[in-house]
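Trainee: quick one, what's the 3D model for this:
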Amino acid sequence: MPIVEVRSLSYTYPGSVRPTLSDINISVEEGEFILLTGPSGCGKTTLCRCLNGLIPNSYGGEFTGKVIVDGLVTTEHPVYEIAQHVGLVFQNPENELFCTSVEREVAFGPENLALPREEIRKRVEESLAMVGISHLRDKSPEELSGGEQQKVAIAALLAMKPKILVLDEPTANLDPASAQSVLNTLLKLNEESGVTMILVEHRLEMVAHMADRCAILNEGRLVLVGEPEDVLYSDEAEAIGIGIPKVVQVAKNLGINKINGKRPLTSWSLADLLRM
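Mentor: Residues are numbered from 1 along each chain as shown. You can find the predicted model right below:
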């Protein structure tokens, strides 16, 4: 059974006359890494909010269809309960961090679950180690770089032990080095801990090769879903204008289709194919 099921989802914000999402259908298997992209304003953030129950539970509006995450129908459970199964990371970590130290920030969620002290301590230690920031535990989040703050936000969610992480453009405000560090952390969590990843991202050059599947939203509709190489090499993806990775553009201009059943998504894979 998929860990995420979205069935015929449509949503219109209060006061709006046009739906932001229209007839969205997608299933995600446990442990998958899904890359979600699309033009600005196409509904990506709205879909993220649907996946953790913020929509419609905290926003209202007209909601039809069904969203099921880890066996929970989002309209039938409160957000705090869904948050133990789905963690949502926003673009700007500064808006999510408010405690005086990294350790307190990561402990905040488990404390609000009224867990035993030893269990809280264990979760904090594990979560800090998983994202590689144990050395920052006594620092104030305000002292950290953007990339470090984003890792703190991820660690704080991991302490809740969610099976699913939904990340809404987590690298949007980061420099390339910090962005790559955060993306590498997500890939490690996916591969080593089996956390299901649903990542909204525009920096396709950095992340396309990490994903199991790529999904493209356009004008509130899910228009393409498939393996990243099939989706990103399609004429429809290019026509939508999502910022196709340069390596894909180069390969298409060179007339490279598939070699040994694969299309390149990284510069090094393109170089290997050219050598062949």
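Trainee: secondary structure class for the residue nearest to the spatial centre of the chain?
Mentor: With the centre of the chain defined as its mean C-alpha position, the nearest residue by Cα atoms, centre = their mean is Leu199, 2.2 Å away. Following DSSP: H, G, I helix; E, B strand; the rest coil, we place Leu199 in the strand state.
Trainee: in the sheet, who's paired with it?
Mentor: On the basis of DSSP bridges, Leu199 is bridged to Leu35, Leu167.
Trainee: let me see the contact set for it.
Mentor: By Cβ atoms under 8 Å, 6 or more residues apart in numbering, Leu199 lies in contact with 33-36, 167, 170, 186, 207, 211. C-beta: built from backbone N, CA, C; applies to glycine.
Trainee: and the contacts of stretch 238-257?
Mentor: Under Cβ under 8 Å, 6+ apart, the answer for stretch 238-257 is 37-39, 202, 204-205, 208, 216, 218, 223, 232-233, 237, 263-267, 269-270, 273-274.
Trainee: re the thing from before, can you give me the pLDDT of the residue nearest to the centre of the chain?
Mentor: Leu199 carries a pLDDT score of 96 in this model.
Trainee: wouldn't Ile154 be in contact with Thr185 here?
Mentor: Yes - Ile154 is within contact range of Thr185, at 6.8 Å (criterion: Cβ atoms under 8 Å).
Trainee: name the residues contacting each of the two.
Mentor: Val131.
Trainee: which stretches in the stretch 1-150 of the chain count as helices?
Mentor: Secondary structure of the stretch 1-150 of the chain (DSSP state H, counting those that start in this stretch): helices at 44-51, 54-57, 79-82, 102-112, 117-130, 146-158.
Trainee: in stretch 114-131, what's buried?
Mentor: 115, 120, 123-124, 126-128, 130-131 (16 or more other Cβ atoms under 10 Å).
Trainee: mind telling me the two of these farthest from one another?
Mentor: Leu115 and Val131 (20.0 Å; Cβ to Cβ).
Trainee: so this protein: which segments form each domain?
Mentor: Domains of the chain are assigned by automatic domain parsing as 4-241, 245-276.
Trainee: now the terminal residues of the first one, how far apart.
Mentor: In terms of Cα to Cα, to the nearest Å, the two terminal residues of domain 4-241 are separated by 27 Å.
Trainee: as a markdown table, the buried residues of stretch 114-131 with distance to Asp138 would be great.
Mentor: Below are these laid out as a markdown table (distance: Cβ to Cβ, whole Å):
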| residue | distance to Asp138 |
| --- | --- |
| Leu115 | 22 |
| Ile120 | 17 |
| Arg123 | 18 |
| Val124 | 12 |
| Glu126 | 18 |
| Ser127 | 15 |
| Leu128 | 11 |
| Met130 | 18 |
| Val131 | 16 |
